[in-house]
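Chemist: quick one, what's the 3D model for this:
(chains A and B)
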There are 2 protein chains.
Amino acid sequence: MTPALPMVAPAEGLPTRVRIHEVGPRDGLQNEKSTVPTEVKAEFIHRLARAGLTTIEATSFVHPKWLPQLADAETLFPELRDLAPAVHLPVLVPNERGLDRALALGASRIAVFASATESFAKANLNRTVAESLAMFEPVVARAKDARAHVRGYLSMCFGDPWEGPVPVHQVVSVAKSLRDLGCDELSLGDTIGVATPGHVQTLLAELNEEGVPTDTIGVHFHDTYGQALANTLAALQHGVTTVDASAGGLGGCPYAKSATGNLATEDLVWMLRGLGIETGVDLGLLTDTSRWMAGHLGRPSPSRTVRALSATPQEQ
Amino acid sequence: MTPALPMVAPAEGLPTRVRIHEVGPRDGLQNEKSTVPTEVKAEFIHRLARAGLTTIEATSFVHPKWLPQLADAETLFPELRDLAPAVHLPVLVPNERGLDRALALGASRIAVFASATESFAKANLNRTVAESLAMFEPVVARAKDARAHVRGYLSMCFGDPWEGPVPVHQVVSVAKSLRDLGCDELSLGDTIGVATPGHVQTLLAELNEEGVPTDTIGVHFHDTYGQALANTLAALQHGVTTVDASAGGLGGCPYAKSATGNLATEDLVWMLRGLGIETGVDLGLLTDTSRWMAGHLGRPSPSRTVRALSATPQEQ
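Modeler: Numbers count the residues shown, from 1 in each chain, chains lettered A, B, ... in the order given. The predicted structure is shown next:
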């Protein structure tokens, strides 16, 4: 009997449409202990597309040694051909070798993964920030030559497990470098989930002042301290229209142990739907998908919306 | 190594101070299957006070038959005398008999519990909305005569499990009636957690227009769909400075099964602290208290902040 959808009540100063960048199949599954079979991944992505998601990060062309969970990128990616061009299927590439593999399969949207802090650059990429940017330079340049769209992830934008709070100017500096390399879009990651709404708006304002337009910025919040949706609201109020989320709240960060899941796509869709903001997503189909995936993973979804919508028929 | 506190970054248009109305000992514990011993409740409340909470809803003087978990109100309340007057200890009273019991023990702040919908009034109070307001009339009048502060809870302000979305004018009408009875403060409850930020701001604006001042309004959000903190941010942006929360996210609603926990006080404090909004609460002491209480209840706290702060020392 619980209403399956929130009442629609728009609020002032918000965008009319938000593009959800779904990261579950890549960012979510790369953190799973057991490897999900390729055919399950392919069905997951197809189901997400049927639920209305139009940007679905499909996999990563990192060396299989580092991410065995995504070692099947070459097999998986061709299984998704029927989704193009309606659905964008960005893939993560760590270096030129990864780019070669992605382009050879016809990928038209790629992403690189940078860090705002030296500690995480060292832990995640085994390089300084400057060295990692130097590594990305030919990757982005060659991707642009191949007419691919390039997203630059920027992790640890708010706090770092080793360094604590991250100075805003430091994030802006790396963000500008990624833009200078040619990135079409940035994704600002709160990898350990410590950000709060004022911090989000401060960083966005500083990026604008330094010439990084809001329409090139996506936000990527983690729910470690329960702040992800409030931070998303703050970002929308600043004009951001691209929000990363993970179906069912899958995922976290393998190199930052205290980081729990990404913002759940369902919790995001619930808020956006209530605000009258278009996403194109069917919440019922999406929740069904996350429940189905949770069955494959053998544990319940951490998304509160998925749990609430799942509990209703049995309990009432 | 995870930073134990967020970076402070204020945002425009927010209050400088928020009063947290802590509901864990009453709203949280009344939903526990097993009864918590009186001495544990007393220590819980003392620990919450030591953590800096200055308004702690202590118990309910409802008939023990309906809430056996809080049947020890007469024994518990005198155990808290040392906390007055620095700490406000409101108690819930369902009717005149409950008021008599509360006043006899020296309670100086009481709360009544009304519903914005007929279905929930029937389910929770076995009365129509009008009948319940008639029942509260002498309760509030006599409490005011005794110079007690009166809070009026208004539940199902956004959605109702039987009726779906609740019309704003219906909520405003009952809210005005509670004000007319003499309630000093209202607490707007999203009992099943379906509200979104625009809905919150629409209701607050309509209440203002109808003569209910924002400084007499508190908000009480549930995290069923993960929306509680985003809704809180929306309420703060509208000028609300009283926010209900439950230490560790304890509680829910026994008559609305799909309702999960209250907004966790820790998650709220994390956001407010990041925003530079004063609460007087020590997050470390509060988290210790919730962890201690979770030990007594035999299950982990649902608060994401409690879990994140608890995981850090072991994992890193």
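
Chemist: is chain B contacted by stretch A:181-192?
Modeler: Yes: counting by CB under 8 Å from any CB of the partner chain, chain B has neighbours in stretch A:181-192: residue A:192. Just so you know, the C-beta spots here come from the backbone N, C-alpha and C atoms, and that holds for glycine as well.

Chemist: give me the low-pLDDT residue ranges for chain A?
Modeler: Scanning chain A for pLDDT under 70 picks out A:1-3, A:252-260, A:312-316.

Chemist: show me where it has strands.
Modeler: Applying DSSP state E to chain A gives strands spanning A:19-22, A:55-56, A:59-60, A:91-92, A:109-115, A:149-155, A:159-160, A:164-165, A:185-190, A:217-221, A:242-245.

Chemist: want to try a markdown table for those strands, with distance to residue B:114 and mean neighbour count as columns?
Modeler: As requested, the strands of chain A are exported to a markdown table (distance: least, CB to CB, whole Å; neighbours: other CB atoms under 10 Å in any protein chain shown):
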| stretch | distance to residue B:114 | mean neighbour count |
| --- | --- | --- |
| strand A:19-22 | 39 | 24 |
| strand A:55-56 | 46 | 22 |
| strand A:59-60 | 53 | 27 |
| strand A:91-92 | 53 | 26 |
| strand A:109-115 | 52 | 24 |
| strand A:149-155 | 48 | 23 |
| strand A:159-160 | 42 | 26 |
| strand A:164-165 | 44 | 17 |
| strand A:185-190 | 39 | 26 |
| strand A:217-221 | 36 | 26 |
| strand A:242-245 | 37 | 26 |
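
Chemist: list the contacts of residue A:46.
Modeler: A:80, A:83 (CB atoms under 8 Å, 6 or more residues apart in numbering or on different chains).

Chemist: nearest to chain B: which residue in the stretch 101-250 of chain A?
Modeler: residue A:196 (2.5 Å; CB to the nearest CB).

Chemist: leaving out chain neighbours, which residue sits closest to that residue?
Modeler: residue B:274 (2.5 Å; CB to CB, 6 or more residues apart in numbering or on different chains).

Chemist: that neighbour contacts residue A:197, correct?
Modeler: Yes: using CB atoms under 8 Å, residue B:274 is in contact with residue A:197, at 7.4 Å.

Chemist: any common contacting residues for these two?
Modeler: residue A:227.

Chemist: residue A:33: neighbour count?
Modeler: Look at residue A:33: counted by other CB atoms under 10 Å in any protein chain shown, it has 6 neighbours.

Chemist: that one and chain B: what is the separation?
Modeler: Separation of residue A:33 from chain B (CB to the nearest CB, to the nearest Å) stands at 15 Å.

Chemist: next one: residue A:18
Modeler: Taken as CB to the nearest CB, the span from residue A:18 to chain B is 13 Å.

Chemist: got a markdown table for the strands of chain A, with distance to residue B:224 too?
Modeler: Shown next, in a markdown table, are the strands of chain A (distance: least, CB to CB, whole Å):
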| stretch | distance to residue B:224 |
| --- | --- |
| strand A:19-22 | 21 |
| strand A:55-56 | 27 |
| strand A:59-60 | 33 |
| strand A:91-92 | 34 |
| strand A:109-115 | 33 |
| strand A:149-155 | 30 |
| strand A:159-160 | 28 |
| strand A:164-165 | 32 |
| strand A:185-190 | 24 |
| strand A:217-221 | 20 |
| strand A:242-245 | 18 |
